[in-house]
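>>> Sequence plus the predicted model coming up.
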Amino acid sequence: MELKDKFTVALTAHHAAGKTSLVEAMLYSLGNLDRMGRVEDGNTFGDYTDEEKNRRMTLYSKMIVLRPKGRQINLIDTPGFSDFIGDLAAAIRVADGMLLVLNANNNVEVETERIWEYADEYKLPRMVVVNQLDKERTSLERSLEALSQAFQIPFVPLQLPIGTQGNLSGIIDLVKMKAFYFDARGKAGKAEEVPAEYAEAAAAARETLVDRAAEFDESVMEKFLEGQELSREEIIAGLRGGIAARTFVPVVCASVAKMVGISTLIDAIGDFLPSPADTRGAVGVKPGTEDEVVLPPTSDALCAYVFKATVDPFAGKLAYLRVYSGALLPEHTYLNTRKGSSTRIHAILEVNGRNTKSVQSAGPGDVVALAKLDDLVAGDTLCDDKNPIAIPPTRYPNPVIQMAVHSKNKDDEDKISQALTRIIEGDPTLNIRRDPETKEMVLVGMGELQINVAQERLKNEFKLDAEFTIPRVPYRETITVSSEGSYRHKKQTGGRGQFAEVHLRLAPKARGEGNEFLNEVVGGSVPTRFIPAVEKGVHEAQSRGFLAGYPVVDVACTVFDGKDHPVDSSEMAFKLATINCFKEVASKCRPVLLEPIMNVEIRVPDEYMGDIMGDLNTKRGRVMGMDSQGRTQIIRAQVPLAEMYRYSVDLRSIARGRGSYDMTFSHYDVVPPDVTQKVVEQYKQVGVTEEE
C-alpha cells in the first residue's frame, strides 16, 4: 500500500461524547461487524476489558483498523476521561492527524480544551465531527459557535446537515455540492441534488470552503479570483494543504442513532487528514547529543517509536510501536537508543481491538505491537545501528492524586509492590514510591478513577487485596527563635556506668537553607573523640522530630560545652545526651510545623467560578491569579497539600465532571496553630496506642 493511502489518527473526545458508538458505527458500515454493540450493554468492539464493561466507558487506548476503498486508517481510540490523559498524550504523540468527536448537545468541555492543547503542542492537524445532531436542542451552527469561542482558529464545515434534530435525514457534501442519504448500515447512497430549501445556505458555505482552498495555492487562487470553477481535486488539494498547515479546522456531521454521515466521515478522514507522505517523518536527535535527526518516510533506515505498553498477567507484555521509516522485520535485531543496546524482536502483531494477527513486516505509517519484550517501555526508539535516532519521549502531565497502599495480608506486601509495578508499565501517569519518612507505599496518579481501576486490577488480575487510604502529610518541624540548654545523661546500674553532659544552642535558619551542625567546644570539655557522637545524636534527633515525629529542617545546632567522665563516658552516652538535649532546647524555641504548599491550576466553566473560589477558601487556599480561555476560567492558587488529597473528588462534584486541575509542589509554610494542635494530638494518640 502506498504511503498516501495510510493514515494514523488519534480519535479523541470528551467523556460521553459518543466516540465509542461512533467507532461501532464505522466498523459496522464497513462490514467489519455483523451487528453494532452498545455501550449500555457492555459489548462494544473497543471497550472489551472488564473495567470498561463495568463502567460503560473507555479506560485504555485501543487500536482500531479501518480499510475503506484501498486505504488503511489506524485509529488510536483514546479515553475521554481526564484521569487517563496519559493514553491520550501518547496517541497524539504518534498520530499524523486527530479526529475530535464533539457532542452536539454540549458546549466545549474542559477535557476538550486539554485535548486541544496537546494537539497544539505536537502541531497536529485535526478534524472535528459533530456527533448526535439528531438530539433535541442541537444544531451545527451552535456547535461551530462554541468551537470558535473556545479556540482561536477558523472552523469550516465540509458538510451541512439535512433536517434538524429528530428530522435529521442526510448531509450536503459542500465539495461535491451534492446531497447524500444513508442506509441502515450508514452507507451513503447515490449523490442527489441539494434540496431547494438548503441551496442558498449550501452555496454560501461552499464559497467559504472554496475560499479556504484557494488561499493555500496561488494558481488556484488566481483561478478562483477570475471566477473560474475549481475542480473537486483542486478543492481537496487546497483544503488538505490548509488543514496540514493548521490554518483552519474542517468540520463534518454525524449521528450514530440515525446512521447519518458514517461512510462520509470515513471518506473525509482519508480525503483531508495527512498521510505519512505529507509529514517530515521521524524527527529526533542523535543519541547523546542535541543534534536534530530527520528520517523521512521514504528512508530505508528503520525508525519505530514505542508509545504504549500493556501488561496482562496471562498474555504478558505488548509494546505498541509507530513505524516512521524503513521496515520492521521479525527475527531481526535493532538498536534501542534509550538503552544503548540491541533488542531482538520476534513476532510482529497487527492489533485491531482485542484481536491480533501476525504480519511479516511493518513500514512507514503502520502501528503494530511486539510481544514478550519486557525491556521495551513507552518512550523507546528502535532504529538501525548505522542510522541512530532517539525520538523525544512523550510529555505527560504531573500526577495530582496520592493514595497510600496497605496490604491486608503482611505477606502480600512485596507481591503488591511487584503487581503495581507491572500495572504502571502500561500507564506512565501512574507511579509508585516508598515514602522514606512514613514508610508508606504511595501510588500517585491523575485521578481517583485511575487509582480505583488500579486497585480493581490488583484484585481481579493479580488476586491481591489492598487497602487504599489518604497518605500521611510529609510535614516538617522547625523553630522560630533561638535558645540554649544542657542535658546530663547519667546512669549507674553496677559496673561501668554511663555519663555525658552536652550543652547545645539552637537557632533558626532561613527557609530552605537546611540544617547545620557547628562545634564551638573549647578546652576539651567534650573530648574530640566524642564530637562525632554528638553530631550523630543531633542528626538522629532531627530525623525524629520533637513535635509530631516529623523531620526537623532549617536549624543551626551548635555544641558549645559539656562534660565527660574518664571511665563512664562513651559514644552512646553522648549520643543519648544530645538527643534529649536537642528535644528540651527545641521545645523552648517556639517550634512550629511546616506543611507542603502546592501550586494548583484549576480549569472550570465560568458558571462554577464562584463555587470553586468558595471551596478554595475552605481549604486554606490563596488565589494567586485568574485567567480565561473562551468560556473556561483558569484559577491559579496555592493550597496546602493536606487539603488536596481528595480534590479530584471535590472538583468533580462541584463542576459536575467539567473541571480539571494540575498540581505541583511550591514550598513549605507554617501550619496554623489549630491545625498543628490536631496533628500533634493525633501523633500522641498513635504513640500511646503503639506503647499499649
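Thanks, I have it.

>>> average pLDDT for the helix or strand in which Arg93 is found?
Arg93 belongs to helix 85-94 when assigned by DSSP states H and E. Taken as a whole, helix 85-94 has an average pLDDT of 95.

>>> could you point out which element follows that helix?
strand 97-103.

>>> Next SSE downstream of that next one?
Going down the chain from strand 97-103, the next helix or strand is helix 110-121, by DSSP H and E.

>>> orientation of that next one relative to strand 97-103 in degrees?
Angle, helix 110-121 to strand 97-103, by axes from the mean of the first three to the mean of the last three Cα atoms, to 10 degrees: 160 degrees.

>>> Show me what helix 110-121 is packed against.
Helices and strands touching helix 110-121, by 3 or more Cβ pairs under 8 Å, 6 or more residues apart in numbering; DSSP states H and E, are strand 6-13, helix 85-94, strand 97-103, helix 140-150, strand 592-605, strand 660-670. Glycine gets a C-beta too; all of them are placed from N, C-alpha and C.

>>> Would you reformat those as a markdown table and include distance to Gly281 and mean neighbour count?
Formatted as a markdown table, these follow (distance: least, Cβ to Cβ, whole Å; neighbours: other Cβ atoms under 10 Å):
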| stretch | distance to Gly281 | mean neighbour count |
| --- | --- | --- |
| strand 6-13 | 12 | 26 |
| helix 85-94 | 12 | 25 |
| strand 97-103 | 15 | 25 |
| helix 140-150 | 31 | 18 |
| strand 592-605 | 34 | 21 |
| strand 660-670 | 32 | 17 |
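
>>> Compare those and give me the one nearest Leu641.
strand 592-605 (4.3 Å; Cβ to Cβ).

>>> Between strand 660-670 and the closest one, find me the angle.
160 degrees.

>>> Enumerate the positions of the longest helix anywhere in the chain that are buried.
Using DSSP state H, we find that the single longest helix of the chain is helix 673-691. Buried residues in helix 673-691, defined by neighbour count with 16 or more other Cβ atoms under 10 Å: Val675, Thr676, Val679, Tyr683.

>>> residues in contact with the residue nearest the centre of the chain?
Centroid check for the chain by Cα atoms, centre = their mean gives Gly86 as the closest residue, at 3.4 Å. The contact partners of Gly86, by Cβ atoms under 8 Å, 6 or more residues apart in numbering, come to Tyr396, Pro397, Asp427, Pro428, Thr429, Leu430, Met446.

>>> hmm, 10 Å instead?
Counting by Cβ atoms under 10 Å, 6 or more residues apart in numbering, Gly86 touches 61, 78-79, 308, 378, 394, 396-397, 399, 426-430, 445-446, 450.

>>> Check Val23 too.
Contacts of Val23 (Cβ under 10 Å, 6+ apart): 11, 33, 36-37, 44-47, 58, 62, 64, 66, 75, 77, 101, 256, 353.

>>> Kindly report the same for Ala201.
Per Cβ under 10 Å, 6+ apart, neighbours of Ala201: Glu141, Leu160, Ile172, Val194.

>>> Give me the buried entries from those residues.
By 16+ other Cβ under 10 Å, the contacts of Ala201 give Leu160, Ile172, Val194 as buried.

>>> Relative to Val252, which of those residues is nearest.
Closest to Val252, out of all of those and judged by Cβ to Cβ, is Leu160, at 10.1 Å.

>>> what sits opposite the closest one in the beta ladder?
Ile172 (DSSP bridges).

>>> Distance check, it against Val260.
Noted for Leu160: a distance of 12 Å to Val260, by Cβ to Cβ, to the nearest Å.

>>> so what sits against both of these two?
With Cβ under 10 Å, 6+ apart as the test, Leu160 and Val260 both reach Gly170, Ile171, Cys253.

>>> Averaged pLDDT, stretch 649-659. What do you get?
87.

>>> List the buried residues in it.
For stretch 649-659, by 16+ other Cβ under 10 Å, it's Asp650, Leu651, Arg652, Ile654, Ala655, Gly657, Arg658, Gly659.

>>> how's the protein carved up into domains?
3-278, 282-383, 401-469, 480-590, 595-674 (automatic domain parsing).

>>> Quick one: those as JSON lines, columns for distance to Ala390 too.
Putting the domains of the chain into JSON lines (distance: least, Cβ to Cβ, whole Å) gives the following:
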{"stretch": "domain 3-278", "distance to Ala390": "14"}
{"stretch": "domain 282-383", "distance to Ala390": "4"}
{"stretch": "domain 401-469", "distance to Ala390": "17"}
{"stretch": "domain 480-590", "distance to Ala390": "35"}
{"stretch": "domain 595-674", "distance to Ala390": "27"}
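
>>> pLDDT weak spots in the stretch 451-600 of the chain?
Applying pLDDT under 70 to the stretch 451-600 of the chain flags the ranges 494-495.

>>> what about the helices in it?
531-544, 571-586 (DSSP state H, counting those that start in this stretch).

>>> Deepest-packed of those helices, please.
helix 571-586 (a mean of 22; mean count of other Cβ atoms under 10 Å).

>>> How far off centre is stretch 334-341?
Stretch 334-341 has its C-alpha centroid displaced from the chain centroid by 26 Å (Cα atoms, centre = their mean, to the nearest Å).

>>> Give the buried residues for it.
Quick answer for stretch 334-341 (16+ other Cβ under 10 Å): Tyr334, Leu335, Asn336, Thr337, Arg338.

>>> Take those residues and keep only those in strands.
Members of these lying in strands (criterion: DSSP state E): Tyr334, Leu335, Asn336.

>>> between the residues you listed, which is nearest Ser148?
Asn336 (44.9 Å).

>>> so the closest one bridges to which residues?
On the basis of DSSP bridges, Asn336 is bridged to Ser341, Leu382.

>>> helix or strand for Arg422, which one?
Arg422 belongs to helix 413-425, assigned by DSSP H and E.

>>> same deal with Val128?
Here Val128, judged by DSSP H and E, is contained in strand 126-131.

>>> before we move on, what about Val293?
strand 292-295.

>>> what about Arg246, distance to Phe272?
Arg246 sits 13 Å away from Phe272, going by Cβ to Cβ.

>>> Same question for Arg114.
24 Å.

>>> Next: Leu651.
Separation of Leu651 from Phe272 (Cβ to Cβ): 37 Å.

>>> Filter the shared contacts of Leu160 and Val260 down to just the buried residues.
Looks like those have Gly170, Ile171, Cys253 buried, using 16+ other Cβ under 10 Å.

>>> wait, Glu193 sits on Tyr181?
No - contact criterion Cβ atoms under 10 Å: Glu193 and Tyr181 do not qualify, at 11.9 Å.

>>> between these two, which one's more packed in?
With neighbours defined as other Cβ atoms under 10 Å, Glu193 and Tyr181 compare such that Tyr181 has more, 14 against 9.

>>> Name the nearest residue to Phe248, ignoring sequence neighbours.
Nearest residue to Phe248, sequence neighbours excluded (Cβ to Cβ, 6 or more residues apart in numbering): Pro154, at 4.3 Å.

>>> repeat for Thr480
Per Cβ to Cβ, 6+ apart, closest to Thr480 is Arg590, 4.4 Å.

>>> Settle this for me: the one you found is touching Ser483, isn't it.
Yes - the criterion here is Cβ under 10 Å, and Arg590 meets it with Ser483 at 8.7 Å.

>>> Compare those two (neighbour count), which wins?
Using other Cβ under 10 Å as the criterion, Arg590 and Ser483 rank with Ser483 on top: 16 against 13.

>>> can you tell me how far the spatially closest residue to that one that is not a sequence neighbour sits from Glu484?
Spatial nearest neighbour of Ser483, excluding adjacent residues (Cβ to Cβ, 6+ apart): Lys588 at 4.3 Å. Distance, Lys588 to Glu484, by Cβ to Cβ: 9 Å.

>>> Spit out the residues that contact the two alike.
Going by Cβ under 10 Å, 6+ apart, residues that sit against Lys588 and also against Glu484 are Leu506.
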